[in-house]
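Colleague: Structure for this input, please:
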Amino acid sequence: MNSPRHMAPSHFQVTDDEIVVGGLRLSQLAARVGRTPFYAHDRQLLKGRVQELRAVLPPAISLHYAMKANPMPALVAFMANLVDGLDVASGGELRVALDSGMAARNISFAGPGKSVQELSEAVASGILVNVESMREIELLEGISRKLRSPARVAVRVNPDFELKSSGMKMGGGPKQFGIDAEQVPAALSEIGRRGLAFEGFHIYSGSQNLRHASICDAQTQAFDLALRLGRHAPSPVKVLNLGGGFGIPYFAGEQPLELAPIGRHLAGIVERAQREVAEIELVIELGRYLVGEAGIYVCRVIDRKISRGEVFLVTDGGLHHHLAASGNFGQVIRKNYPVEIGNRVKGKIREIASVVGPLCTPLDLIADKMDLAQASPDDLVVVFQSGAYGLTASPLGFLSHPAPAEILV
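Modeller: As a prediction, the model looks like this:
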């Protein structure tokens, strides 16, 4: 059963009973933004998360940011100065990545349904394309010939294993992602025959995992699989993207991922690579883990209602802005994200209340019977863990309400 009480995540400070974001008290930040609802992302928390990772990862490991977690241009430009590469999943994200200042050679493109236009833009930009089908290989031959530049490609592999305990499985079994491992030798042969510039493999087996042992096991299996498949490659393997899968705690009772064991394990993989492969770049690709805990979603209480003894705080935000917090973004059983009344975190009086949005549907639920400070109209509700899969993962057009603001502070 879901506990009603969530404490504000410790990485956000509290001053005068208000959440502090980017050095500003929440009420001050809301006045600066000028309207609610809004998303706010804290630069120092983003920087701190990357520094935390760098402290445990072997120097030989390249760290890439998966932009699908949060493609906000200002955030991507900030992250581009902290990480070694960017991974995009659409032509739109590619344009943001190129504008960020990240070198094209350090940008890669994954996704199962790339259009001809997207593939053309990718080749013209000089980025690495993670091919996911024979169709893409065939199209890239024609595009390369037209542009007089061989496409840089890696094969995204649908592995023959899964990331155990993963919140979302991206590989293993029948999947729309990548090329099945058993079909990769034939794909490699086609890449060589068609004159594409083969560089390596992308093996992403799952995401949102809080168990370091599962992540380490998947990394070992990915490395072993790449060694086997590399024997069929038309040229030496230059890069191996081991995927990511690092999760963050969302719900009551979940514990943060232990990084130190993963760092030690990756050090062992680096040593193996130095012994068993020529020169190869090892990459881990993270999205949610880098940005998820640095962002909050803020909405304003516009009405306080009592219905048959239960308290409902009606706000100007909801599932149309933050689908994941409503429980409608892949949760099997709905659980509450960490939520607080951001301008009165502890409050003098507390109560059990539900936070809902303005939409005409019972699905528009942000907090279900949670222990919160007593709130009134104009108070500010904060949803934590909102830096990833928030704004761009939500149905903004639903019921035609205005889109929220989004800032980096």
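Colleague: Tell me where the stretch 151-300 of the chain has helices.
Modeller: All helices of the stretch 151-300 of the chain, identified by DSSP state H, counting those that start in this stretch, fall at 184-193, 212-230, 260-276, 288-291.
Colleague: Kindly reformat the ones you listed as a markdown table containing mean neighbour count, distance to Leu26 and mean pLDDT.
Modeller: Bear in mind the C-beta positions are built from the backbone N, C-alpha and C, glycine included. Shown next, in a markdown table, are the helices of the stretch 151-300 of the chain (neighbours: other CB atoms under 10 Å; distance: least, CB to CB, whole Å; pLDDT from 0 to 100):
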| stretch | mean neighbour count | distance to Leu26 | mean pLDDT |
| --- | --- | --- | --- |
| helix 184-193 | 18 | 50 | 97 |
| helix 212-230 | 20 | 34 | 94 |
| helix 260-276 | 15 | 33 | 96 |
| helix 288-291 | 27 | 20 | 98 |
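Colleague: Could you dump those into CSV with distance to Phe312 added?
Modeller: Below are the helices of the stretch 151-300 of the chain laid out as CSV (distance: least, CB to CB, whole Å):
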stretch, distance to Phe312
helix 184-193, 53
helix 212-230, 39
helix 260-276, 42
helix 288-291, 30
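Colleague: Relative to Ser354, which of the ones you listed is closest?
Modeller: Proximity to Ser354 (CB to CB) singles out helix 288-291 among the helices of the stretch 151-300 of the chain, at 26.2 Å.
Colleague: gap between that closest one and the chain center?
Modeller: 6 Å (CA atoms, centre = their mean, to the nearest Å).
Colleague: Residues touching it, excluding its own?
Modeller: If you take CB atoms under 8 Å, 6 or more residues apart in numbering as the criterion, helix 288-291 is touched by 41, 46, 49-50, 53, 65, 69-70, 75, 79, 83, 207-208, 244, 246-248, 257, 387-389.
Colleague: dump the residue contacts of Glu281.
Modeller: By CB under 8 Å, 6+ apart, the neighbours of Glu281 are 62, 200, 238-240.
Colleague: Against Ala60, how distant is it?
Modeller: Separation of Glu281 from Ala60 (CB to CB, to the nearest Å) stands at 8 Å.
Colleague: next one: Phe78
Modeller: Phe78 is 25 Å from Ala60, by CB to CB.
Colleague: Can you show me the strands along the stretch 51-200 of the chain?
Modeller: Here the stretch 51-200 of the chain has its strands, by DSSP state E, counting those that start in this stretch, at 61-66, 85-88, 107-109, 128-131, 152-158, 168-169, 179-180, 197-202.
Colleague: how about the ones you listed, which one is nearest Asp303?
Modeller: Nearest to Asp303, of the strands of the stretch 51-200 of the chain and by CB to CB, is strand 168-169 at 35.4 Å.
Colleague: Buried residues, stretch 374-385. List them.
Modeller: With burial defined by 16 or more other CB atoms under 10 Å, the residues of stretch 374-385 counted as buried are 374-375, 379-385.
Colleague: and which of the residues you listed is nearest to Val270?
Modeller: Gln385 (31.0 Å).
Colleague: Gln219 and Ile269 touch, don't they?
Modeller: Yes - in this structure, Gln219 is within contact of Ile269 by CB atoms under 8 Å, at 6.2 Å.
Colleague: what sits in contact with each of the two?
Modeller: Leu242.
Colleague: quick one on the thing from earlier: just the buried ones from the contacts of helix 288-291?
Modeller: Those of these that meet the buried threshold are 41, 46, 49-50, 53, 65, 69-70, 75, 79, 83, 207-208, 244, 246-248, 257, 387-389, by 16+ other CB under 10 Å.
Colleague: Follow the chain on from the top strand by length along the chain and name the next helix or strand.
Modeller: Using DSSP state E, we find that the single longest strand of the chain is strand 295-307. Toward the C-terminal end, the helix or strand that comes next after strand 295-307 (DSSP states H and E) is strand 310-315.
Colleague: And the next helix or strand past that following strand?
Modeller: strand 339-341.
Colleague: just checking, what packs against that next one?
Modeller: strand 365-373, strand 380-383 (3 or more CB pairs under 8 Å, 6 or more residues apart in numbering; DSSP states H and E).
Colleague: any chance of the ones you listed in JSON lines, with mean pLDDT and distance to Ser133 too?
Modeller: JSON lines is the format used below for the helices and strands packed on strand 339-341 (pLDDT from 0 to 100; distance: least, CB to CB, whole Å):
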{"stretch": "strand 365-373", "mean pLDDT": "97", "distance to Ser133": "39"}
{"stretch": "strand 380-383", "mean pLDDT": "98", "distance to Ser133": "38"}
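Colleague: Reformat those strands as CSV; add distance to Ser108.
Modeller: CSV is the format used below for the helices and strands packed on strand 339-341 (distance: least, CB to CB, whole Å):
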stretch, distance to Ser108
strand 365-373, 35
strand 380-383, 31
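Colleague: Quick one: closest of those to Tyr337.
Modeller: Distance to Tyr337, taken as CB to CB, is lowest for strand 380-383 among the helices and strands packed on strand 339-341, at 5.4 Å.
Colleague: Dig out what Arg25 forms beta bridges with.
Modeller: Applying DSSP bridges to Arg25 gives these bridge partners: Val20.
Colleague: burial of it, as a residue count?
Modeller: If you count neighbours by other CB atoms under 10 Å, Arg25 ends up with 19.
Colleague: Who are the contact partners of Leu139?
Modeller: 116, 119.
Colleague: Perfect, that will be all.
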